[in-house]
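Asker: Give me a model of this one.
(2 chains)
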There are 2 protein chains.
Amino acid sequence: MPKLDFWYEFASTYSYLAAMRIEGLAKEAGVTVAWKPFLLGPIFKAQGWETSPFLLQKTKGKYMWRDLMRLCEDAGLPKFTAPKSFPAHSVASARVALALDETVRPEFSRAVYTAEFAEGKDISDPAVLQEVLKKFGHDAAAIFTKSGEQTIKDKLRANTEEAQRLGIFGAPSFVLVSGEMFWGNDRLEQALRWAKRA
Amino acid sequence: MPKLDFWYEFASTYSYLAAMRIEGLAKEAGVTVAWKPFLLGPIFKAQGWETSPFLLQKTKGKYMWRDLMRLCEDAGLPKFTAPKSFPAHSVASARVALALDETVRPEFSRAVYTAEFAEGKDISDPAVLQEVLKKFGHDAAAIFTKSGEQTIKDKLRANTEEAQRLGIFGAPSFVLVSGEMFWGNDRLEQALRWAKRA
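Answerer: As a prediction, this is how the structure comes out:
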């Protein structure tokens, strides 16, 4: 079965859209998706940026919020709701995602995004993440302890370094086995077509 | 009939894609398009950038060329061919576009983009622009003289200032009568749906 790596960052608004859309589209295309959380922070820092380009470029940032409102409406998602603090500190959610088995990572990730961008919650708050974990019947305390272990920290660092090595500069990105890369929620359909064809 | 302003920059690769696609899609949607050439240079400068973000961000720039190759193929356009110098100095082509009547501006603009991104030609070279003008039966020398007049220079400056006032930060952008703005070739279909609905 053709494969696609889905590189996503929990603070990223366009990753949210892709996370909500990818499973249905991938199933239709007959493509298996590997969910790869990573951090954009170190990649932005290497670029000389101290924060998200949506804060550094004010007109572009303002536009992004409007764009998301429209795109969420078109995608049949709940009304887009900006969290109080943007970009969110996403380290905790990314570590929890990696502490979970791959089979439950997608549903956890989607629920985190929903908390963040449909309910405007602060996903750096452990209580928010624990609520999401409990919703899916996980032992929230045990998963949280595991997410703080060195092996998980190393996994997230390794993912971020791999993303950088692949030439990833933004999120979401989709990468085929061949290394062919597609950037942005807008390229999801095209990436799946290429994965299928490969 | 619903209306849409198409803001484009002759040096912009994604404006090329939109320019080649917009007429057919607008016709289907029953939307009238006004072609508005402007310059991104002053807008980038106001942002503190001395050149295109595709040069300032090397990994993003490298990706953009690959993205354009794939998108041109998907759109049935000739093989994407990067011009020797990028971004091109686009002042001359924008002025000629504004010196022409609105009814012939689209075909001229498309032909300039084809010279630039399908044939790899340097559109800052007056000979390249004159060749395009002659192809459409224009008096190239007369149009060139007109394009150097103060009224035309003022028109281009006014367009660029209007773009800035509208909150445009990149090209292509599509703006409805209501002020609703859409950025990027990827938003062309959505912008037309909104124009139709308005």
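
Asker: where does chain A have low pLDDT?
Answerer: Applying pLDDT under 70 to chain A flags no residue at all.

Asker: That one: strands as residue ranges?
Answerer: A:3-8, A:32-37, A:173-175, A:181-183 (DSSP state E).

Asker: So what are the sheet partners of the last one and their directions?
Answerer: When you say that, I think you mean strand A:181-183. Strand A:181-183 pairs in its sheet with strand A:173-175 (antiparallel), by DSSP bridges.

Asker: what residues does chain A put near chain B?
Answerer: A:47, A:57, A:59-60, A:62-63, A:66-67, A:70, A:74, A:167-170, A:181-184, A:186-187, A:190, A:194 (C-beta under 8 Å from any C-beta of the partner chain). C-beta: built from backbone N, CA, C; applies to glycine.

Asker: Quick one, which of the residues you listed are buried?
Answerer: Applying a neighbour-count criterion of 16 or more other C-beta atoms under 10 Å in any protein chain shown, the buried members of the residues of chain A next to chain B are A:57, A:59-60, A:63, A:67, A:70, A:167-170, A:181-184, A:186-187, A:190, A:194.

Asker: Skip the chain neighbours and tell me the closest residue to A:V175.
Answerer: If the residues on either side of it in the chain are set aside, A:V175 comes closest to A:D5, at 4.5 Å by C-beta to C-beta, 6 or more residues apart in numbering or on different chains.

Asker: Sitting in helices, which of the buried ones among the residues of chain A next to chain B do you find?
Answerer: A:59-60, A:63, A:67, A:70, A:190, A:194 (DSSP state H).

Asker: Beta-bridge partners for the residue nearest to A:V175, please?
Answerer: Beta-bridge partners recorded for A:D5 (DSSP bridges): A:A34, A:V175.

Asker: Give me whichever of the strands of chain A is most buried.
Answerer: Of these, the one with the most neighbours on average (mean count of other C-beta atoms under 10 Å in any protein chain shown) is strand A:173-175, at a mean of 26.

Asker: Show me what that strand is in contact with.
Answerer: Contact partners of strand A:173-175, identified using C-beta atoms under 8 Å, 6 or more residues apart in numbering or on different chains, comprise A:4-7, A:163, A:166, A:168, A:181-184, A:187-188, A:191-192, A:195.

Asker: farthest pair in the residues you listed?
Answerer: A:A163 and A:L192 (19.6 Å; C-beta to C-beta).

Asker: what would the ones in helices among the buried ones among the residues of chain A next to chain B look like in CSV with distance to B:F86?
Answerer: Converted to CSV, those look like this (distance: C-beta to C-beta, whole Å):
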residue, distance to B:F86
A:T59, 23
A:K60, 21
A:Y63, 24
A:D67, 26
A:R70, 31
A:Q190, 23
A:W194, 25
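
Asker: For A:A18, state which of the residues you listed is nearest.
Answerer: Using C-beta to C-beta, those come closest to A:A18 at A:Q190, 12.4 Å.

Asker: My read is that that closest one contacts B:R70, right?
Answerer: Yes - using C-beta atoms under 8 Å, A:Q190 makes contact with B:R70 at a distance of 7.0 Å.

Asker: Looks like A:F44 contacts A:T51 (just checking).
Answerer: Yes - under the criterion of C-beta under 8 Å, A:F44 makes contact with A:T51 at 7.2 Å.

Asker: of these two, who's got more company?
Answerer: A:F44 (18 against 12; other C-beta atoms under 10 Å in any protein chain shown).

Asker: who touches the more buried one in this structure?
Answerer: By C-beta under 8 Å, 6+ apart, the neighbours of A:F44 are A:50-53.

Asker: Report the buried members of those residues.
Answerer: A:52-53.

Asker: what's the closest of the contacts of A:F44 to B:L176?
Answerer: A:P53 (25.5 Å).

Asker: which residue sits closest to the closest one, ignoring its sequence neighbours?
Answerer: The nearest residue in space to A:P53 (C-beta to C-beta, 6+ apart) is A:K60, at 7.0 Å.

Asker: go on, A:Q164?
Answerer: A:I43 (5.7 Å).

Asker: For the spatially closest residue to A:V132 that is not a sequence neighbour, give its distance to A:W35.
Answerer: Closest residue in space to A:V132, ignoring its immediate chain neighbours: A:A111 at 4.5 Å, by C-beta to C-beta, 6+ apart. A:A111 is 13 Å from A:W35, where distance means C-beta to C-beta, to the nearest Å.

Asker: repeat for A:S109
Answerer: Distance, A:S109 to A:W35, using C-beta to C-beta: 6 Å.
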